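> the following block contains a protein sequence and its predicted model.
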Amino acid sequence: MDEPVLLTGAGGRVGRAILTGIGEAYDWRLLDREPVAAEFLPDRVTDDDVIVADVTDEASVREAVDGAGAVVHLAGDPRPNAPWDSVLANNIDGTQTVLSAAVDAGVDRFVFASSNHAAGAYETDERTPDMYRTDDEFRLDGSELPRPSNLYGVSKATGETLGRFYHDHHDLTVACVRIGNLTKGHPPKEYERGQAMWLSHRDCAHLFDRCLRADYDYEIVYGISDNDRKYYSIERAREVLGYDPQDNSAEYTFAGEPKEELEPDSA
Ligand SMILES: NC(=O)C1=CN([C@@H]2O[C@H](COP(=O)(O)OP(=O)(O)OC[C@H]3O[C@@H](n4cnc5c(N)ncnc54)[C@H](O)[C@@H]3O)[C@@H](O)[C@H]2O)C=CC1
Ligand SMILES: O=C1O[C@H](COP(=O)(O)O)[C@@H](O)[C@H](O)[C@H]1O
């Protein structure tokens, strides 16, 4: 891509994973309401490319998106127990502000950080905990209707719908990534659900790279590594985006230790 990519929420956990993995592959504009730590800034990023602003501040967002070819929109309140006033402002109004500015600026594609919590209510008492286990065949694939776990999940389902609206009416290419549970170095410890939806840092960066490069129209995909335990299908992401994850929570013990290091030396 020749034009810059605007990354909102650049200083957060997902933003840092993306910048660490593919920071040198694009010309970035980074927007966050907090300063982005210098250690995560790609080499070519200058002070002019870093915007400290809120995504609900329309004038700042319009300036940030001007001339960008794509937007990766991460900024928002990530707390599953976030209150309505926060998700309404940061997640719903913020996403609409960025989408609206993006189409007005002629941006071609928009990659949205949705969440497992947009569909968390499929995890019924009858299905859990079996669905978190390797031998269970239940799968969600992104074609199902949203069933949010909480108001945060409602805000993510709303972001997906806003993306659909701007795709249908303004021809914007949109990918909504229902991110599972991103942790660095190892899967969430002693947490079956978290290990079923683990997204490693390198698979996260690779998936967002594929969202920026692949040819598609509007997609909802799950963002998890290739975990043996899984209840989210990653087949659509493989087929349409060319996602080829390298990590699997089964390569770690339940306590989060890499199994390889525990195996006796075979030499
Ligand atoms: N970390 C995870 O496992 C998952 C994350 N997500 C989504 O990914 C996105 C990023 O999440 P994380 O990096 O984990 O969260 P984070 O809290 O580490 O990062 C969010 C970043 O966005 C910024 N931000 C928040 N509200 C803003 C606003 N109104 N204007 C400008 N900047 C704002 C924050 O300053 C922060 O740097 C969120 O939308 C979250 O809902 C979804 C599923 C799982
Ligand atoms: O959307 C999100 O989901 C992950 C996983 O959810 P959890 O309920 O298992 O913790 C969460 O860690 C992350 O903060 C959130 O943004």
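Perfect, I can see it now. Keep in mind that this is a model prediction, so the values were computed, not measured. Ligands and ions are numbered 1, 2, ... in the order given.

> can you list the neighbours in contact with the helix or strand hosting Phe110?
When elements are assigned from DSSP states H and E, Phe110 belongs to strand 109-115. Contacting residues not belonging to strand 109-115 are listed as 9, 14, 69-74, 76, 78, 95, 98-99, 102, 152-153, 156-157, 159-160, 163, 166, 172-179, 208, 211-212, 220 [C-beta atoms under 8 Å, 6 or more residues apart in numbering]. Every residue, glycine included, has its C-beta placed from N, CA and C.

> which ones among those residues also lie next to ligand 2?
Checking those against ligand 2 by C-beta under 6 Å from any ligand atom, the ones in range are Pro78.

> mind listing which of the contacts of strand 109-115 are in helices?
Secondary structure defined by DSSP state H assigns 14, 95, 98-99, 102, 152-153, 156-157, 159-160, 163, 166, 208, 211-212 of the contacts of strand 109-115 to helices.

> list just the nearest of the residues you listed to Glu192.
Checking the ones in helices among the contacts of strand 109-115 against Glu192 by C-beta to C-beta gives Gly153 as the nearest, at 19.5 Å.

> list the contacts for that closest one?
With contact set as C-beta under 8 Å, 6+ apart, Gly153 has these partners: 80, 115, 117-121, 146.

> what of Glu34?
Glu34 makes contact with 11, 52 under the criterion C-beta under 8 Å, 6+ apart.

> quick one on the thing from earlier: how far out from the middle of the chain is the strand holding Phe110?
Relative to its parent chain, strand 109-115 has a centroid offset of 6 Å by C-alpha atoms, centre = their mean, to the nearest Å.

> partner strands of that strand, with direction?
If you go by DSSP bridges, strand 109-115 pairs up with strand 70-73 (parallel), strand 173-179 (parallel).

> now tabulate those in JSON lines and tack on mean neighbour count, distance to Leu88 and mean pLDDT.
Shown next, in JSON lines, are the strands paired with strand 109-115 (neighbours: other C-beta atoms under 10 Å; distance: least, C-beta to C-beta, whole Å; pLDDT from 0 to 100):
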{"stretch": "strand 70-73", "mean neighbour count": "25", "distance to Leu88": "16", "mean pLDDT": "98"}
{"stretch": "strand 173-179", "mean neighbour count": "26", "distance to Leu88": "19", "mean pLDDT": "99"}
